[in-house]
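*Asks:* I'd like to go over a predicted model; first the sequence, then the structure.
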Amino acid sequence: MTTTPPPSSSTLAGLAHRSHQVITEHQHRSGAYPASPTFSAYRGFAWFRDGSFTAEGISRYGDVTSANRFHDWAAGVLTDRRGHIESLVGAADSGRQVPVESMLPTRFTLEGGDGAVQWWNFQTDGYGTWLWAVTEHARRHDLDVGRWRPAIQLCVDYVAAFWDRNCYDWWEEHLDQRHVSTLGALYGGLVAAVGSGVVDAARAARAGQVAEEIRKLVLDEGVRDGHLIKWLGSEVVDGSLPACVVPFGLVELDDPVAAATLDAVTRELDTDGGVHRYAADVFYGGGQWLLLSALLGWNRAAAGDTAAAWSYLHWIAAQATNDDELPEQVPHHLLAPEHRAEWVERWGTVATPLLWSHGMYLVLADELGLLTGEPRQWQERR
């Protein structure tokens with residue numbers, strides 16, 4: 001059996017530069033990052049979750065202006081909805097039940113509107129992810145995080161009010177569950193907001209209290225066989241779970257639960273370097289997602305296993321098209337191949353490029369020192 005040699009350092013670095021180019025070329029004049037400029041269900045829309053991870057890659061690349069523009073767009077989305085957010089939070093604080101249809105969307109038009117197309121919209125993880133990403137960007141580049149203070153305060157209020165509500169997960173599925181990856185993002189966002197010093201004392205106190213409640217809930221009900229699980233009370237894992245370790249810190253790297261979670265995801269969802277979303281996935285046949293390989297590689301790098309992290313970077317680079325564009329997923333080891341055709345018929349070929357894939361490639365490349373020549377020391381940055 002022959003094996004393909006790993007990409008050269010120049011190829012890997014070239015893909016990083018191309019990733020920056022793809023992301024910034026498609027960044028909307030508003031500052032929003034479209035999820036994919038060509039895919040029928042994604043073009044014209046931006047997600048806080050996808051965009052925040054993409055902005056993290058751009059921030060690490062050193063393009064402060066592009067990342068600022070995204071965070072300005074996200075902040076504007078929130079402050080434009082100040083009255084609605086305050087009404088939602090007020091209702092929650094008074095004990096009134098808020099219907100799912102009234103909650104903030106998970107995706108917005110590139111101009112910042114809600115959009116008229118029906119979607120699986122109630123997802124809270126993106127708001128926690130943005131809190132983490134905007135404060136991390138400001139810290140990295142020594143920016144005045146006060147630039148985004150009004151939006152951060154609104155976002156903290158919204159997250160603190162609705163963190164314990166069932167909602168859709170990263171994959172816009174299972175509204176009836178509380179998802180551990182979602183809870184991890186909310187925890188990471190609240191802790192980051194408090195640590196930035198941008199919120200007032202009362203908000204900081206509430207955010208800190210909620211963060212501890214989240215952590216206790218997950219450790220009590222979100223762990224099976226020593227590792228994190230897909231949702232509270234489930235038995236399976238999800239490819240998004242490593243985010244609960246790095247970057248969100250719900251479980252610290254030196255906690256046995258962290259190591260067990262990374263190992264469980266690797267064992268159950270990694271096929272030859274490509275990470276699936278979850279074992280029962282049928283979306284486009286259940287392929288391997290580049291961004292999840294980058295996420296697991298990021299965690300391996302942070303834990304000191306740089307050999308594994310480099311392997312993930314090599315695998316991702318090998319999936320690039322002839323134009324050095326990175327897709328959402330690839331079909332080499334489909335979990336449910338009989339379902340692929342129905343999705344192609346419904347929405348067309350797999351999203352390519354996916355800006356989130358390019359953003360996560362930049363994150364992992366930077367973590368390994370490809371962008372700066374010096375690998376990151378996660379523990380020193382925490």
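*Replies:* Here it is on my side, so go on.
*Asks:* okay, CA-based contacts and neighbour counts for the rest of this
*Replies:* Fine.
*Asks:* quick one: stretch 361-377 to chain centroid distance?
*Replies:* Offset of stretch 361-377 from its chain centre (CA atoms, centre = their mean, to the nearest Å): 18 Å.
*Asks:* any low-confidence regions in the stretch 101-250 of the chain?
*Replies:* Low-confidence regions of the stretch 101-250 of the chain, defined here as pLDDT under 70, cover residues 116.
*Asks:* 90 instead?
*Replies:* 115-121 (pLDDT under 90).
*Asks:* State the distance from residue 176 to residue 168.
*Replies:* To residue 168, residue 176 is 8 Å away according to CA to CA, to the nearest Å.
*Asks:* Could you tell me which residues touch both of those two?
*Replies:* Common contact partners of residue 176 and residue 168 (CA atoms under 8 Å, 6 or more residues apart in numbering): none.
*Asks:* which residues in the chain form helices?
*Replies:* Assigned by DSSP state H, the chain shows helices spanning 9-26, 48-61, 64-79, 82-93, 125-140, 149-162, 180-196, 201-221, 256-269, 290-302, 306-318, 340-347, 355-367, 378-381.
*Asks:* Turn those into TSV, including distance to residue 245 and mean neighbour count.
*Replies:* Formatted as TSV, the helices of the chain follow (distance: least, CA to CA, whole Å; neighbours: other CA atoms under 10 Å):
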stretch	distance to residue 245	mean neighbour count
helix 9-26	24	18
helix 48-61	15	26
helix 64-79	24	21
helix 82-93	29	16
helix 125-140	13	25
helix 149-162	20	21
helix 180-196	8	27
helix 201-221	12	17
helix 256-269	6	19
helix 290-302	7	28
helix 306-318	15	20
helix 340-347	32	14
helix 355-367	15	29
helix 378-381	11	10
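*Asks:* which of residue 176 and residue 168 has more neighbours?
*Replies:* It is residue 168, of residue 176 and residue 168, that has more neighbours when counted by other CA atoms under 10 Å, with 22 against 11.
*Asks:* Please tell me I have it right and the more buried one contacts residue 183.
*Replies:* No: applying CA atoms under 8 Å as the test, residue 168 and residue 183 come out as separate, 11.7 Å apart.
*Asks:* For residue 298, list the residues it contacts.
*Replies:* Contacts for residue 298 (CA under 8 Å, 6+ apart) come out as 246, 309, 363-364, 367.
*Asks:* go with 10 Å
*Replies:* 242-243, 246-247, 292, 304-306, 308-310, 312-313, 360-361, 363-368, 378 (CA atoms under 10 Å, 6 or more residues apart in numbering).
*Asks:* Distance to residue 330 added to the helices of the chain, as TSV?
*Replies:* Listed next are these as TSV, based on distance: least, CA to CA, whole Å:
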stretch	distance to residue 330
helix 9-26	18
helix 48-61	18
helix 64-79	28
helix 82-93	39
helix 125-140	24
helix 149-162	34
helix 180-196	23
helix 201-221	32
helix 256-269	14
helix 290-302	8
helix 306-318	10
helix 340-347	11
helix 355-367	12
helix 378-381	30
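*Asks:* wait, which of these is closest to residue 39?
*Replies:* helix 340-347 (7.5 Å; CA to CA).
*Asks:* got a list of contacts for the closest one?
*Replies:* Outside helix 340-347, the residues that touch it by CA under 10 Å, 6+ apart are 39-42, 282-287, 331, 334, 348-350.
*Asks:* For stretch 225-240, output the C-alpha coordinates as PDB.
*Replies:* Presented in PDB, the C-alpha positions along stretch 225-240 are these (Å, rounded to 0.1, in the frame of the first residue of the first chain):
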ATOM      1  CA  ASP A 225     -17.700   6.800  31.300                       C
ATOM      2  CA  GLY A 226     -15.400   9.600  32.300                       C
ATOM      3  CA  HIS A 227     -15.900  11.800  29.200                       C
ATOM      4  CA  LEU A 228     -18.300  14.500  28.000                       C
ATOM      5  CA  ILE A 229     -21.300  13.600  26.000                       C
ATOM      6  CA  LYS A 230     -23.400  15.000  23.200                       C
ATOM      7  CA  TRP A 231     -26.300  16.300  25.400                       C
ATOM      8  CA  LEU A 232     -27.200  15.900  29.000                       C
ATOM      9  CA  GLY A 233     -28.300  12.300  29.700                       C
ATOM     10  CA  SER A 234     -27.000  10.900  26.400                       C
ATOM     11  CA  GLU A 235     -24.600   8.100  25.800                       C
ATOM     12  CA  VAL A 236     -22.700   9.300  22.700                       C
ATOM     13  CA  VAL A 237     -20.100  11.900  21.800                       C
ATOM     14  CA  ASP A 238     -20.000  14.700  19.300                       C
ATOM     15  CA  GLY A 239     -17.200  16.200  17.200                       C
ATOM     16  CA  SER A 240     -17.800  19.600  18.700                       C
END
